[in-house]
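>>> Quick one: sequence plus predicted model below, questions after.
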Amino acid sequence: MGHLKRVILKHIIQLFTKISEGGDEDLMERMQETYGSILKLGAVEDSKNREKLATLASFTTNRRNHTSLDQVSHFL
């Protein structure tokens, strides 16, 4: 069962990465609305996939609606 979980998680991360790199802003926004909180929680709890999930997580700031963690750290 654990192997199945890892395989599914790997494919989901690959799919979300493809969506985020694809340039379709509408699809990316819908993904963030639906799964944004799960991506953020996963980035905290899943040490093995932390970096991948952190790059997919998006945050709302005063300057922009969907800002990545890398972009937020540049504001600080």
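Arrived safely.

>>> and for stretch 40-47, what are the contacting residues?
Stretch 40-47 is touched from outside by 49-50, 53-54, 56-57, 69, with contacts defined as Cβ atoms under 8 Å, 6 or more residues apart in numbering. (C-beta placed from N, C-alpha, C; glycine too.)

>>> List the buried residues for it?
Buried residues in stretch 40-47, counted by 16 or more other Cβ atoms under 10 Å: 40, 42-43.

>>> Also stretch 12-23?
Of the residues in stretch 12-23, those buried by neighbour count under the rule 16+ other Cβ under 10 Å are 12-13, 16, 19-20.

>>> Send me it as PDB with only the CA atoms.
Only the C-alpha atoms of stretch 12-23 are listed here, as PDB (Å, rounded to 0.1, in the frame of the first residue of the first chain):
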ATOM      1  CA  ILE A  12       0.600  14.000  -9.000                       C
ATOM      2  CA  ILE A  13       3.700  16.100  -8.400                       C
ATOM      3  CA  GLN A  14       4.800  15.600 -12.000                       C
ATOM      4  CA  LEU A  15       1.300  16.600 -13.300                       C
ATOM      5  CA  PHE A  16       1.200  19.700 -11.100                       C
ATOM      6  CA  THR A  17       4.700  20.700 -12.100                       C
ATOM      7  CA  LYS A  18       3.700  20.300 -15.800                       C
ATOM      8  CA  ILE A  19       0.700  22.500 -15.200                       C
ATOM      9  CA  SER A  20       2.700  25.200 -13.400                       C
ATOM     10  CA  GLU A  21       5.300  25.300 -16.100                       C
ATOM     11  CA  GLY A  22       2.800  25.200 -18.900                       C
ATOM     12  CA  GLY A  23       1.800  28.800 -18.700                       C
END
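
>>> Where is pLDDT lowest across the buried residues of stretch 12-23?
For the buried residues of stretch 12-23, the model is least confident at residue 20; its pLDDT is 86.

>>> Pick out the residue nearest the middle of the chain.
The residue lying closest to the centre of the chain (Cα atoms, centre = their mean) is residue 56, at 2.2 Å.

>>> No more questions from me, cheers.
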